[in-house]
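J.: model this:
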Amino acid sequence: MFETKKTLIVVYKDELLMNQLRKLVESHDDIDDDVVGTRDGSINIVSWTEKVWLGNKKAGNIKGKILFLDEIKGMDKLIPVIDVIFDECGIKYGWAGNQAVLYADTKSLLKRADYDEFLKKLSELPVPSFLKTAKDDIKATGITTELLTRTEENESTEGQRKKGGLFKVAKGAIEAGTEAVGKVGNRIATTTEELFRNKSLMKRQMLFYGVVKLYNDGLESFMNM
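T.: Residues are numbered from 1 along each chain as shown. The predicted model follows:
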């Protein structure tokens, strides 16, 4: 049976964030009768900038479901009355009637440890790679770990006869590996520290995290209310 698409008006500040949501909604990821996120082909997204939203609101041209990505002007009158459906790492989404909002508060990640833990969670989600810089740097430690492992195995299999010569080789490899690990560690620390201090980027990371969570766990329910 033919099913009419439901329209979702998405009001945004960050076009990339809105496109991330559109990509998820328009992807054909359902598996047989199992719905992943929202049912394939069930939603038509109409994207509005904050300026377009304010113009239509003033003219009274608002109908259907609306999702606000980030704190759009006027959200201070909506956020206090929404039913919060998701609240994690300072990221929240919820709805009141036909209006839903996703927003983030960087003050919830004031501790470096909390932010590092958030980055680990973010790295597991399908978001743009530039938002996961620290994860990419961490991968480099695998090279030095492998080098050290091979060195230990070589020394064991060659036996005592060549122990002296291998010791020198192993020592050199370990020293080089230790130096590399140190450099990688410093780079990771520097990268995550820069991210931690960049609150604008942090908020963007949080919103992308929230969009994926909303798509996976909440948007279908909101559209079917």
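J.: domains of the chain?
T.: 6-106+203-223, 112-200 (automatic domain parsing).
J.: What is the neighbour count of Thr7?
T.: Neighbourhood size, Thr7 [other Cβ atoms under 10 Å]: 14. To be clear about C-beta, it is placed using only N, CA and C from the backbone, and glycine gets the same treatment.
J.: Beyond the helix or strand encompassing it, next helix or strand please.
T.: Thr7 is part of strand 6-12, with elements assigned from DSSP states H and E. Downstream of strand 6-12, the next assigned helix or strand under DSSP H and E is helix 15-26.
J.: How far does that next one sit from its chain's centre?
T.: Helix 15-26 sits 13 Å away from the centroid of its parent chain (Cα atoms, centre = their mean, to the nearest Å).
J.: Run the angle between that helix and strand 6-12 for me.
T.: Counting by axes from the mean of the first three to the mean of the last three Cα atoms, to 10 degrees, helix 15-26 lies at 160 degrees to strand 6-12.
J.: Going forward, count from 671.
T.: Happy to do that; since the first residue is 671 now, the last one works out to helix 685-696.
J.: ok, and what's touching helix 685-696?
T.: Helix 685-696 is contacted by residues 678, 680, 682, 707-708, 713, 715, 717, 737, 739-740, 796-798, 874, 877-878, 881-882, 884-885, 889 when judged by Cβ atoms under 8 Å, 6 or more residues apart in numbering.
J.: again, only this time at 6 Å
T.: With contacts defined as Cβ atoms under 6 Å, 6 or more residues apart in numbering, helix 685-696 is touched by Val680, Tyr682, Thr708, Ile713, Ile715, Ser717, Leu739, Leu877, Val881, Tyr885.
J.: Sort out for me which of these are in helices.
T.: Leu877, Val881, Tyr885 (DSSP state H).
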